[in-house]
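Asks: Starting from these lines, generate the structure:
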Amino acid sequence: MINAINEEHRTIAKLLHLIDRQVSLFNDGEVADLDLLHLIMDYTLAYPDLYHHPKENAIFLKLKEREPGMAGAVDQLVEDHARMSEVSSKFAKLVEQLIADATMSRDVFVRAAMDYVDFQRGHMMREVGDVLPAAARLLTAADWAELESRVAHEEDPLTSGKTHYQRLGELLLAEA
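Replies: Presented below is the predicted three-dimensional model:
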């Protein structure tokens, strides 16, 4: 389960890099690929928010049971997950507004994009820096078996090749 989460984090990091590149183009007055940004945000709302974060929450809560000293770090990450959909939706709406030719200050869009990317990166760093390594050390084989049986196992649409995310999956492969 940890390996799957780490792979998903690598995917999310690549998506954030793609956002950075498009926002940099936009900030420089060049043409950004708004359809790509829309696809990234659609994916983010459809997969990580619905499948990735619930897996992590299950691990975090089990870790909190095993090691109460991790409660503060775990609670912060679970709170981040509760806010994640809102943060993602806010940036996605700005992308949709630009696609619809809404008038928007370049600075407003760039700042919102940077806030979104910074929030995502900071969150992942807290996960991989402290909490997931602690879970790998402290949870038992029985804990992992219980977690595996409780969480939804949904195939990542970027790697399944069966969805409208094919373009995004191909771009991510090129990023490898």
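Asks: Surely residue 157 touches residue 44?
Replies: No: counting by C-beta atoms under 8 Å, residue 157 stays clear of residue 44, with 11.4 Å between them. In short, each C-beta sits where N, CA and C put it, glycine included.
Asks: who's more crowded, those two?
Replies: Neighbours were counted for residue 157 and for residue 44 using other C-beta atoms under 10 Å; residue 44 has more, 25 against 18.
Asks: Show the model's pLDDT score for residue 11.
Replies: If you check residue 11, the pLDDT there is 89.
Asks: Can you give me the distance of it to residue 105?
Replies: 31 Å (C-beta to C-beta, to the nearest Å).
Asks: Then residue 82?
Replies: Taking C-beta to C-beta, one finds residue 82 at 29 Å from residue 105.
Asks: if you count what's nearby, which of those two comes out ahead?
Replies: residue 82 (11 against 8).
Asks: Pull out the buried residues from the worst-scoring helix or strand of the chain on mean pLDDT.
Replies: Least confident helix or strand of the chain, by mean pLDDT, DSSP states H and E, is helix 157-160 with a mean of 74. The neighbour-count check on helix 157-160 (16 or more other C-beta atoms under 10 Å) flags 157, 158 as buried.
Asks: And the helices in this structure, which stretches?
Replies: 2-27, 34-46, 53-66, 71-99, 106-126, 132-138, 141-150, 157-160, 166-175 (DSSP state H).
Asks: Give me the helices and strands touching the first one, please.
Replies: Think helix 2-27. helix 34-46, helix 53-66, helix 106-126, helix 132-138, helix 166-175 (3 or more C-beta pairs under 8 Å, 6 or more residues apart in numbering; DSSP states H and E).
Asks: Mind listing what's buried along that helix?
Replies: 5, 8-9, 11-12, 14-16, 18-19, 22-23, 26.
Asks: Same check on the third one?
Replies: Under the neighbour-count criterion of 16+ other C-beta under 10 Å, helix 53-66 has 53, 54, 55, 56, 57, 58, 59, 60, 62, 63, 64 buried.
Asks: Can you list the low-confidence ranges for the chain?
Replies: 160-162, 175-176 (pLDDT under 70).
Asks: 90 instead?
Replies: 1-4, 7-8, 11, 31, 45-54, 82, 84-86, 102-105, 150-176 (pLDDT under 90).
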